[in-house]
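**Student:** Below are the sequence and a predicted model for it; my questions follow.
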Amino acid sequence: MDKFDLVYSLPMKSPVLHFIGFVIFVSYDLCSCFRLQMIPGIPTVGKYDTNYVDNIVLKTRRNGRNSDYALSVEFTSKHGMGNNNVSIHLIFYEYLHNEYRPSFVEMHYKICDLILKDTIFGPVIRRSGMTVCPLPAGRYHMMNLTFNEEFPSIWPFEKGKLDFIAKNEPSAQEFARANVVLSFKMIK
């Protein structure tokens, strides 16, 4: 029995229920064949405290003409980053009327929860080689990060900006800030 038979085998008492069943069938069929591609644009490094991190490098590139855009992140951590001492804040802005306006999409994590437990950005970070937490002090390279498979298939806007803010958790002192311009595209 396929999904078409399942929708139309339900007893339909009224035209309204029939219409709702058809809408569910169409929306399920459309969601299964499309996925959202997040395309990183120009990244910029904002202010950062050299007592905590140093040598932050953000790059965006394509590896070939038909390949996806990839984001590369490099930084030197001067202190160990554990679950309780660093929080990561991802704040999305919508590009609307020639300016970036805050959207309702915000994600806040402890660093170990982001690396080990998150279902959207966690797999991307783990594929880059960061698989353990807490992170000891040292140089880190996350190369060729692409966000295609993990991202939800529905997104509220097409163009925007992502602010990345790292804070020292007990004092909520911000020690690093960066942002990247993003565009979202539905692909088959």
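**Tutor:** Thanks, I have the structure now. Numbering: from 1, shown residues only.

**Student:** how about low-confidence regions in the protein?
**Tutor:** 1-34, 148-152 (pLDDT under 70).

**Student:** Please report phi then psi for the spatially closest residue to Gly138 that is not a sequence neighbour.
**Tutor:** Using CB to CB, 6 or more residues apart in numbering and skipping the chain neighbours, the partner closest in space to Gly138 is Ser77 (6.2 Å). Any C-beta I mention is one placed from the backbone N, CA and C, and that applies to glycine too. As for Ser77, its main-chain torsions (degrees, to the nearest 10) stand at phi -90, psi 130.

**Student:** what bridges to Ser77?
**Tutor:** Beta-bridge partners recorded for Ser77 (DSSP bridges): Val53, Gly138.

**Student:** Could you measure from it over to Val181?
**Tutor:** 25 Å (CB to CB, to the nearest Å).

**Student:** now do Ile125
**Tutor:** Taking CB to CB as the criterion, Ile125 is separated from Val181 by 20 Å.

**Student:** Thr76 now?
**Tutor:** 25 Å.

**Student:** For these two, indicate the residue with more neighbours.
**Tutor:** More neighbours surround Val181 than the other of Thr76 and Val181, with 18 against 15 (other CB atoms under 10 Å).
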